[in-house]
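In: Build me a structure from this.
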Amino acid sequence: MLVLEGVLPLDLGIPAQVFTAVPGSPYELTLCGRSAGPVPTAAGFDVTVASGLEAVLGADTVVVPGYTPHERPLPTVVLDALADAHRRGRRLVSVCTGAFALAAAGVLDGCAATTHWLYADDLAVRHPRVRVDPKVLYVDEGRVLTSAGVAAGIDLCLHLVRRDLGAATANEVARTLVAAPHRDGG
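Out: The predicted structure is shown next:
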């Protein structure tokens, strides 16, 4: 997971909780940032990440949790790492406002995407090459997936488990989390 300054703690915690709840531990979770060390959260405490951006290049899947303020420019080195991961065929996933990082890196150009409904119009205005859909819980464009607000991050992560490991495993994880295994919602 790429932890950006101002990360929203729940947006960070949801993928961590879902992927570490999968039986047999098939996912290896690494927290990374622009560089290893403490990263301030939006809640006023720091999260310590073990790796820098080199972890993005080695990952099969890169998850970008939401962050605030979402409209700030991100460092070029972060955007380049995301764009390079996309060029190398890695799967890129965002929770909530993490979609702004993917859009700024050009990863969402020509794709359908979503983000929290409060910020969907802003995403569409700032990134007109992205087809923003504010009425869905998540969008799966194959190698690029985006979710709406916090709870929709659970839906997207369970969708990834279902896609990777099957419905039975996703249902087992959902039961562990006391979450719906699949919601249609909008």
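In: where do the helices sit along this structure?
Out: For the chain, applying DSSP state H gives helices covering 9-20, 54-58, 76-87, 98-104, 120-126, 150-165, 167-177.
In: Let me know which of the ones you listed is tucked in deepest.
Out: helix 98-104 (a mean of 26; mean count of other Cβ atoms under 10 Å). Every residue, glycine included, has its C-beta placed from N, CA and C.
In: mind saving the C-alpha coords of that helix as PDB?
Out: What follows is helix 98-104, C-alpha atoms only, in PDB (Å, rounded to 0.1, in the frame of the first residue of the first chain):
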ATOM      1  CA  GLY A  98      -6.800   7.700  -3.700                       C
ATOM      2  CA  ALA A  99      -8.300   8.000  -7.200                       C
ATOM      3  CA  PHE A 100      -6.900  11.500  -7.400                       C
ATOM      4  CA  ALA A 101      -3.400  10.100  -7.200                       C
ATOM      5  CA  LEU A 102      -4.100   7.500 -10.000                       C
ATOM      6  CA  ALA A 103      -5.700  10.200 -12.100                       C
ATOM      7  CA  ALA A 104      -2.800  12.600 -11.600                       C
END
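In: how far is it from where the chain is centred?
Out: 9 Å (Cα atoms, centre = their mean, to the nearest Å).
In: between the helices of the chain, which gets nearest to Gly44?
Out: helix 9-20 (9.8 Å; Cβ to Cβ).
In: Roughly how far does the residue nearest the centre of the chain sit from Phe45?
Out: Central residue of the chain (Cα atoms, centre = their mean): Ser94, 2.3 Å from the mean position. Remark: distance between Ser94 and Phe45 (Cβ to Cβ, to the nearest Å) = 22 Å.
In: Okay, now the unreliable bits of this structure?
Out: 185-186 (pLDDT under 70).
In: Using the centroid of it, identify the residue furthest from it.
Out: Largest centre distance within the chain, by Cα atoms, centre = their mean: Ala168, 23.1 Å.
In: if I look at it, how far off is Arg162?
Out: 9 Å.
In: Next: Trp117.
Out: 24 Å.
In: Also Ala180?
Out: 12 Å.
In: and if you look at Arg129?
Out: Taken as Cβ to Cβ, the span from Arg129 to Arg162 is 29 Å.
In: which outside residues touch stretch 77-89?
Out: 2, 4, 34, 53, 56-57, 59, 62, 64, 92, 101-102, 104-107, 143-144 (Cβ atoms under 8 Å, 6 or more residues apart in numbering).
In: Now, of those residues, which are buried?
Out: 2, 4, 34, 53, 56, 59, 62, 64, 92, 101-102, 104-107, 144 (16 or more other Cβ atoms under 10 Å).
In: Max pairwise distance over those: which two?
Out: Arg34 and Val144 (21.5 Å).
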